[in-house]
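Peer 1: Here is a sequence together with a model predicted from it:
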Amino acid sequence: MILRLPHEPNCSNIQTKYDKIKMIRTAKIVLPIFLGLIISCTDNTGEPNDTDNADGFNAKLLKQTTAPGLGQSNYFYNDRDELILITKTNSETSRDSTYLEYNDGVLSRVLQRIYYPINGIVNIETIFTRFNATNASGSYKVFEDAGTILQDLTFEYTFSDNLIKTSTFFRSDGSKTLEKIYVHDENGNLTNWDQLWYRTDGSVQTERRYVFTEWDTSGLTTKSLFYWTYNLNIFQNIYFSKNNCLNLIDGGETLNYSFEYDSDGNVTKYNSIEAGRSMTLEYYE
């Protein structure tokens, strides 16, 4: 299994000194998150889609997520209910921060500062030059505080009916380095998630498929669980799936999940059954 940092585009064929940092982060954080906490197919601004409102649910703004052994994340909003800050504490001395900026209500910039005990702060900056109902595009840069650029890419997302359909990252010469394709059934439930890594000559270096066959329709979708596709978590009203996924099939392995909801339909806890892990979610009233 190829595991990557939760906040970078998994460009396995780009070799930089950031790879050394990724090894530290992957070994300590990404592996348990991937195996234990991938139990939803949507992200975490607390925004419902139209079908949620029709079901009578009352979506709330996410305030905090807590996972034993993996840390705590806190979410802050402006007076327009736009997410502007996420902080994550992995220990008493380790804290990551994500800052979000908007232009006339449209997400324009995300700056993520990730703390590594050995290497210090690494910054990830995502700038959106276009963002509408069908696509979003811009630049993606990873750099140190001293200014050293570790990764410099462009990207494009495509959307349909409030669902993400593709995400693609490109090198400076315009060639693809990573492509993710999301396939949904007629009800908008995520059924397949394909990831393709490309060599510089355009050929596929690595391909991986995740399959989903069961979904939970008893409450609102949640956006807080895909740490390894973190940039999607800050898209309001854009979802991986219309309903939360109850399983994930990766090759010969099947992972099963369950969800608990409050009286308004918001997820308050989800459980990774095989891994014996759980995460609790709290909301602003």
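Peer 2: On my side now, so go ahead.
Peer 1: Could I get the full set of strands for the stretch 101-250 of the chain?
Peer 2: Here the stretch 101-250 of the chain has its strands, by DSSP state E, counting those that start in this stretch, at 106-116, 120-131, 135-144, 149-160, 163-170, 176-184, 190-198, 204-211, 215-216, 244-245, 247-250.
Peer 1: Show residues contacting the third one.
Peer 2: Okay, so that is strand 135-144. The contact list for strand 135-144 (Cβ atoms under 8 Å, 6 or more residues apart in numbering) reads 8-9, 18, 120-130, 149-159, 169, 235. No exception for glycine: its C-beta is placed from N, CA and C like everyone else's.
Peer 1: Please repeat the previous calculation with a cut-off of 6 Å.
Peer 2: Defining contact as Cβ atoms under 6 Å, 6 or more residues apart in numbering, one finds that strand 135-144 is touched by 123-130, 149-158.
Peer 1: buried stuff in that strand?
Peer 2: In terms of neighbour count (16 or more other Cβ atoms under 10 Å), strand 135-144 has its buried residues at Ala136, Ser137, Gly138, Tyr140, Val142, Phe143, Glu144.
Peer 1: Can you tell me how far the fifth one is from Arg209?
Peer 2: In this case it means Val142. The spacing between Val142 and Arg209, counted by Cβ to Cβ, to the nearest Å, is 27 Å.
Peer 1: One more: Arg130?
Peer 2: Note on Arg130: its distance to Arg209, by Cβ to Cβ, is 29 Å.
Peer 1: Next: Thr268.
Peer 2: For Thr268, the distance to Arg209 - Cβ to Cβ - is 31 Å.
Peer 1: Same check on Asp173?
Peer 2: Asp173 sits at a distance of 27 Å from Arg209 (criterion: Cβ to Cβ).
Peer 1: Comparing those two, which residue is more hemmed in?
Peer 2: Legend: neighbour count by other Cβ atoms under 10 Å for Asp173 and Arg209, higher for Arg209 (14 against 6).
Peer 1: Cheers, nothing more for now.
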